[in-house]
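Peer 1: No letters, just coordinates:
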Ligand SMILES: Nc1ncnc2c1ncn2[C@@H]1O[C@H](COP(=O)(O)OP(=O)(O)OP(=O)(O)O)[C@@H](O)[C@H]1O
């Protein structure tokens, strides 16, 4: 089933949470919505589930307008961000609750509970009550409960937040497998960019209640169309330096070079992995090392250059990362600098020359 949001708007006390939100996702796709906190992801999901009404705009499922359809009549399963399990019911009964409510036959419920519990590795918990579970176990039960509904669309609002990395990785694989098995359309919100890149077929970057880019995950990473897409997708966060272009010259903190962009205020973006240490061809930058995080094979190095903060990731195979407090020479290929309009944050045509 396809899902289409058409110029959806929703404000709270005059402040827009969604502001002309437009998005269409294909049937049986796995779409990840990635946006910073308070960008509107949860509000969007609550509108799709029917828990709230938009101020303007429409929601279409396979072309049918469901904006005014009551929640119970929408074929949408929901894993909310904050979950509440019924304390007096066992895990199995907690999971079964939405299907019971919908009047599903007992055998169908039992089958579905068993299968979903197996996929999420919670079979051993089925007879326990929530007070006997750890935080992570409760979270997996809540995910299972949301996925149990006989639905064609499932929305998962940051369902793995707070779980340890190994468990998250495993659950991500299992959720993808489950999507294929259920032949359903999955919408998955996260504010974690690594999770977004790992999970996504299609990635939607949201900023301030609007879609700023919708593309394959790799395309968002390699060809960000908006400063927020560059900022959010990738780890560590990209460097975003405010500056200006005048007479074909970029000046943004330590980044000073000829560019083919029009004159005006800009944001110059540079991924940490595009900065090299030592003398290399390209733009030379003098910097001071503020902090080094040694990750084994590579180091994240926090620097100051021309009064601005810069983050670099450097391979340190065999070598040693630079000393904290030392001065160091950096090299940047001007072609790696991405320019965005300072006001709209949209990518500008023309990169460094
Ligand atoms: N019921 C509400 N009343 C008032 N303001 C609200 C309400 N729900 C959401 N908002 C506001 O709408 C904006 C978007 O919130 P939303 O919860 O959708 O963000 P989000 O992208 O899901 O963030 P997070 O990743 O932190 O969950 C925020 O500024 C939030 O304060």
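Peer 2: Received, thanks. Here the structure is a predicted model, which means the values were calculated and not measured. Numbers count the residues shown, from 1 in each chain.
Peer 1: which residues does whichever residue of the stretch 51-200 of the chain sits closest to the ligand contact?
Peer 2: Using Cβ to the nearest ligand atom, the closest approach of the stretch 51-200 of the chain to the ligand is made by residue 191 at 4.4 Å. C-beta here means a position set from N, CA and C on the backbone, and glycine is covered the same way. Residue 191 is in contact with 34-37, 39, 41, 158, counting by Cβ atoms under 8 Å, 6 or more residues apart in numbering.
Peer 1: Also residue 232?
Peer 2: Here residue 232 is in contact with 34-36, 193, 196, 205 (Cβ under 8 Å, 6+ apart).
Peer 1: Just the buried residues of the contacts of residue 191.
Peer 2: Buried subset of the contacts of residue 191 (neighbour count, 16 or more other Cβ atoms under 10 Å): 34-35, 39, 41, 158.
Peer 1: Take those residues and keep only those in helices.
Peer 2: residue 41 (DSSP state H).
Peer 1: near the ligand too, which of the buried ones among the contacts of residue 191?
Peer 2: 35, 39, 41 (Cβ under 6 Å from any ligand atom).
Peer 1: Which secondary structure state does the nearest residue to the first one once chain neighbours are set aside sit in?
Peer 2: With sequence-adjacent residues excluded and distances taken as Cβ to Cβ, 6 or more residues apart in numbering, residue 35 is closest to residue 206, at 3.4 Å. In three-state terms, and counting by DSSP: H, G, I helix; E, B strand; the rest coil, residue 206 is strand.
Peer 1: Please tell me how far residue 206 sits from residue 140.
Peer 2: 26 Å (Cβ to Cβ, to the nearest Å).
Peer 1: Residue 231 too?
Peer 2: Residue 231 is 31 Å from residue 140, by Cβ to Cβ.
Peer 1: mind putting the buried ones among the contacts of residue 191 in a markdown table, pLDDT and distance to residue 327 included?
Peer 2: Listed next are these as a markdown table, based on pLDDT from 0 to 100; distance: Cβ to Cβ, whole Å:
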| residue | pLDDT | distance to residue 327 |
| --- | --- | --- |
| 34 | 93 | 37 |
| 35 | 92 | 38 |
| 39 | 94 | 39 |
| 41 | 95 | 42 |
| 158 | 90 | 41 |
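Peer 1: Farthest-apart pair in the buried ones among the contacts of residue 191, please.
Peer 2: 39 and 158 (11.9 Å; Cβ to Cβ).
Peer 1: Pull the contacting residues for residue 2.
Peer 2: Contacts of residue 2 by Cβ under 8 Å, 6+ apart are 24-27, 60-63, 185.
Peer 1: How about it: what's its closest non-neighbour residue?
Peer 2: Nearest to residue 2 is residue 27, by Cβ to Cβ, 6+ apart, at 5.0 Å.
Peer 1: which residues sit in contact with the one you found?
Peer 2: 1-2, 62, 185.
Peer 1: Are the helix or strand hosting residue 211 and the ligand in contact anywhere?
Peer 2: Using DSSP states H and E, residue 211 falls within strand 210-216. No: contact of strand 210-216 with the ligand (Cβ under 6 Å from any ligand atom) is absent, the minimum separation being 11.8 Å.
Peer 1: Can you list the buried residues in that strand?
Peer 2: 210-215.
Peer 1: can you list the residues that contact that strand?
Peer 2: By Cβ under 8 Å, 6+ apart, the list of residues contacting strand 210-216 reads 18-23, 40, 201-206, 220, 223-226, 228-229, 345.
Peer 1: What strands line up against that strand, and which way round?
Peer 2: strand 202-207 (antiparallel) (DSSP bridges).
Peer 1: contact partners of the partner strand?
Peer 2: Contacts for strand 202-207 (Cβ under 8 Å, 6+ apart): 21, 23, 25-26, 29-36, 39-41, 44, 196-197, 211-217, 220, 226, 228-229, 232-233, 345.
Peer 1: Which other helices and strands does the lengthiest helix in the chain contact?
Peer 2: Secondary structure of the chain per DSSP H: the longest helix is helix 165-182. Contact here means 3 or more Cβ pairs under 8 Å, 6 or more residues apart in numbering; DSSP states H and E; on that basis helix 165-182 packs against helix 106-119, helix 135-148, strand 153-157, strand 185-190, helix 193-199.
Peer 1: Give me the angle between it and strand 153-157.
Peer 2: In terms of direction (axes from the mean of the first three to the mean of the last three Cα atoms, to 10 degrees), helix 165-182 departs from strand 153-157 by 170 degrees.
Peer 1: Quick one: mean pLDDT for helix 165-182?
Peer 2: Here helix 165-182 scores 82 as its mean pLDDT.
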